[in-house]
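Asker: show me how the following folds:
(chains A, B and C)
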Amino acid sequence: MNLGTGLLLADLAGVAVFAASGGSAAVAKRLDLFGVVFVGFVAALGGGIVRDLVIGEVPPLAFADWRYAVTAAVASAAVFWLHPQLARLRRTVLVLDAAGLGLFTVTGTVKALEAGVPPVGACIAGMLSGIGGGVGRDLLTGEIPIVLQREIYAVAALLGAVAVAVLVVLGVAGPLPLAAAAALVIGLRLVALRRRWSAPQAGPA
Amino acid sequence: MNLGTGLLLADLAGVAVFAASGGSAAVAKRLDLFGVVFVGFVAALGGGIVRDLVIGEVPPLAFADWRYAVTAAVASAAVFWLHPQLARLRRTVLVLDAAGLGLFTVTGTVKALEAGVPPVGACIAGMLSGIGGGVGRDLLTGEIPIVLQREIYAVAALLGAVAVAVLVVLGVAGPLPLAAAAALVIGLRLVALRRRWSAPQAGPA
Amino acid sequence: MNLGTGLLLADLAGVAVFAASGGSAAVAKRLDLFGVVFVGFVAALGGGIVRDLVIGEVPPLAFADWRYAVTAAVASAAVFWLHPQLARLRRTVLVLDAAGLGLFTVTGTVKALEAGVPPVGACIAGMLSGIGGGVGRDLLTGEIPIVLQREIYAVAALLGAVAVAVLVVLGVAGPLPLAAAAALVIGLRLVALRRRWSAPQAGPA
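Answerer: This is a model prediction of the structure:
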């Protein structure tokens, strides 16, 4: 499996797990089938669309490659039909969401660097790829975005993006090191969830 | 009248009716004149700006062609001054909103296909053209987007976009068949409003 | 100092003051360090990213030039650590926010005109540069955007953008006239704040 195929599979896996997260949030808000699929779409494809617009890949992959839209639609519709079982699988969903964060951050940073964006900008673009869909999902369902709340989420993505940029600049960004960077993000996020780590918060004024 | 002129007129008509819908929502939130015009702008031009960014038409028509901005400004300012009469015309507004949905979906899908976006992506881009402005309007005024609520709205747009894509692929996308696709969207939306049709909703878990 | 350097400095000054405004809003919502920096980023860079996407400058300056991201991060992190002192400096913050509005509106309009956007579109793009970050900040923190509320804010930006467009069309857009246009926006905004001016509001229906 070459790097291109690996990136595509990682991207589609990220699309599926984020679509499931968006679909779950929409089911919880009692939206209808189409609303569930729509929020799933935004959660799954929003981050990548912003990334592609920013790096000048037009039309964005979500529009140019039908596998993205179909993956998002199938995954969010599946949540709609299966949600009672999913409720019991809440732990699994959190793990999948962390997986999506790791996968999208890595693929987004690599794509931005390949498009010629300088390292600092590529790290921000990669982080946005990872967290963008979740921000859209939360805005649509009327919540303050979870990435702004206390648990470590975007910080994990940013660290992963920096790791990817270092690997690429050093010229050692093969499949294994990139998978390790994704694992770093996923691991950080899961440990933070478990231990309720969070970034420092401002004290009372 | 050739197809290009027809598309322009259909687009400007869509701008005017969506600006009126955004202006009405802003008046209901007691915003001032500028707020009303601003929400009218977003409702009228937001869907098209997203569409143009996605298909690589830069600067978007809303910025490149002054008739778009002027139409949106005049229509939303008109709502500001005329809103007491409009309140009595609530039925008319719903019909106009359905008209805008149909017009934007058709012009958006055609433009995306002409820009070389593949059919599945072009249908999504066309649907976003139709519903995008309304999503922006609802986010700005602090509502969960109406397209996510129970009535058939985005589904009508998606069906219309698919009809347009089929017409274009078959090579028969003349003014009359496209007008029929717009009429399909408008008709579906109006019947759904009348009969309170909606997509299925998930049952209690 | 040539016009290019002046535009860069004006842009970075705008980034810093808007990052501070976003950081303050996030501290008030009790977000953690990363949330504060994230909202600061959106407030500081959101308007410029939209402007650059619209005028086809890809990747946007916020990604292409690391000084933008670093300025935004430092300014919003500074607010996080210094916020008790800033609370006492609320007046200063309002003045800085008005300064950012003036600086971004002028640099945004100039850049849009230089990119070949026609005057009406360039004025809208310039106004969006000025107000866009604040809209993002307010959406993220769950508020109806302040630019839609009663005080004159976007109107000041629009007038400044029109002044810039007139200067450029007349061929007299040197550093001094442009600084005067920025001063016009800032002055209008401050006088409006002081006297509680606002645009007319619709009466009861």
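
Asker: drop to CA atoms for contacts and neighbour counts, all remaining ones
Answerer: Noted.

Asker: for chain A, what lies in contact range of chain B?
Answerer: The interface of chain A toward chain B, taken as CA under 8 Å from any CA of the partner chain, is made up of A:27, A:30-36, A:38, A:53, A:58-60, A:62-66, A:69, A:80-81, A:83-84, A:87, A:139-142.

Asker: tell me, how many residues neighbour A:Ala25?
Answerer: 20 (other CA atoms under 10 Å in any protein chain shown).

Asker: list the buried residues of the helix or strand hosting it.
Answerer: Under the criterion of DSSP states H and E, A:Ala25 resides in helix A:3-28. Neighbour counts using 16 or more other CA atoms under 10 Å in any protein chain shown place A:7, A:10-28 of helix A:3-28 among the buried residues.

Asker: next: stretch A:56-68.
Answerer: A:56-65, A:68.

Asker: so which of the residues you listed comes closest to chain C?
Answerer: When the buried residues of stretch A:56-68 are compared for distance to chain C (CA to the nearest CA), A:Gly56 wins out at 5.7 Å.

Asker: which elements pack onto the helix holding A:Ala25?
Answerer: In terms of contacts (3 or more CA pairs under 8 Å, 6 or more residues apart in numbering or on different chains; DSSP states H and E), helix A:3-28 is packed against helix A:33-55, helix A:66-88, helix A:90-114, helix A:119-140.

Asker: what's the nearest residue to A:Arg67 if we skip its chain neighbours?
Answerer: Excluding its sequence neighbours, the residue lying closest to A:Arg67 (CA to CA, 6 or more residues apart in numbering or on different chains) is A:Leu12, at 8.0 Å.

Asker: and the gap between that neighbour and chain B?
Answerer: According to CA to the nearest CA, to the nearest Å, A:Leu12 and chain B sit 16 Å apart.

Asker: my guess is that residue meets A:Thr71, correct?
Answerer: Yes. When contacts are counted by CA atoms under 8 Å, A:Leu12 is listed as touching A:Thr71 (7.1 Å).

Asker: contact partners for A:Gly6?
Answerer: A:Pro175 (CA atoms under 8 Å, 6 or more residues apart in numbering or on different chains).

Asker: that one and A:Asp65: what is the separation?
Answerer: Distance of A:Gly6 to A:Asp65, computed by CA to CA, to the nearest Å: 16 Å.

Asker: could you do A:Ala77 as well?
Answerer: Applying CA to CA, the value for A:Ala77 to A:Asp65 is 19 Å.

Asker: isn't A:Ile146 right up against A:Gly133?
Answerer: No. At 11.3 Å, A:Ile146 does not count as touching A:Gly133 under the criterion of CA under 8 Å.

Asker: okay, the two: which has more neighbours?
Answerer: The residue with more neighbours, out of A:Ile146 and A:Gly133, is A:Gly133; 29 against 18, by other CA under 10 Å.

Asker: excluding chain neighbours, what is closest to that one?
Answerer: Counting by CA to CA, 6+ apart, the nearest residue to A:Gly133 once its immediate chain neighbours are dropped is A:Ala43, at 3.9 Å.

Asker: for chain A, give me the ranges with low pLDDT.
Answerer: A:1-3, A:86-93, A:149-151, A:196-205 (pLDDT under 70).

Asker: let's go with 50 and repeat that
Answerer: A:1, A:205 (pLDDT under 50).

Asker: may I ask you to confirm that A:Ala72 is in contact with A:Phe41?
Answerer: Yes. Assessed by CA under 8 Å, A:Ala72 is found in contact with A:Phe41 at 5.7 Å.

Asker: any shared contact partners between the two?
Answerer: Common neighbours of A:Ala72 and A:Phe41, counting by CA under 8 Å, 6+ apart, are A:Ala19.

Asker: mind listing residues that contact the host helix or strand of A:Val162?
Answerer: Per DSSP H and E, A:Val162 falls inside helix A:154-169. Under the contact criterion CA under 8 Å, 6+ apart, helix A:154-169 has outside partners A:101-102, A:105-106, A:109-110, A:113, A:119, A:122-124, A:126-127, A:130-131, A:147, A:173, A:177-178, A:181-182, A:184-186, A:188-189, C:34.

Asker: beyond that helix, next helix or strand please.
Answerer: Beyond helix A:154-169 in the direction of the C-terminus, DSSP H and E gives the next helix or strand as helix A:175-195.

Asker: quick one: that next one to helix A:3-28, angle?
Answerer: Interaxial angle, helix A:175-195 versus helix A:3-28 (axes from the mean of the first three to the mean of the last three CA atoms, to 10 degrees): 20 degrees.

Asker: quick one: helix A:175-195 to chain centroid distance?
Answerer: In this view, helix A:175-195 has its centroid 13 Å away from the chain centroid, taken as CA atoms, centre = their mean, to the nearest Å.

Asker: near chain C at all, that helix?
Answerer: No. Residues of helix A:175-195 contacting chain C under CA under 8 Å from any CA: none, with a closest distance of 14.2 Å.

Asker: that helix - contacts with which helices or strands?
Answerer: helix A:90-114, helix A:154-169.

Asker: now those helices as CSV including mean neighbour count and distance to B:Leu94?
Answerer: Formatted as CSV, the helices and strands packed on helix A:175-195 follow (neighbours: other CA atoms under 10 Å in any protein chain shown; distance: least, CA to CA, whole Å):
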stretch, mean neighbour count, distance to B:Leu94
helix A:90-114, 24, 39
helix A:154-169, 23, 41
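
Asker: re earlier: now tabulate the helices and strands packed on helix A:3-28 in TSV and tack on distance to C:Leu94.
Answerer: Listed next are the helices and strands packed on helix A:3-28 as TSV, based on distance: least, CA to CA, whole Å:
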stretch	distance to C:Leu94
helix A:33-55	31
helix A:66-88	44
helix A:90-114	36
helix A:119-140	27
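
Asker: which ones are touching the spatially closest residue to A:Gly108 that is not a sequence neighbour?
Answerer: Distance criterion CA to CA, 6+ apart; nearest residue to A:Gly108, sequence neighbours excluded, is A:Gly126 at 4.3 Å. Contact analysis of A:Gly126 by CA under 8 Å, 6+ apart lists A:51, A:104-110, A:112, A:157-158, A:161.

Asker: what's the closest of these to chain B?
Answerer: Nearest to chain B among the contacts of A:Gly126 is A:Arg51, at 11.6 Å by CA to the nearest CA.
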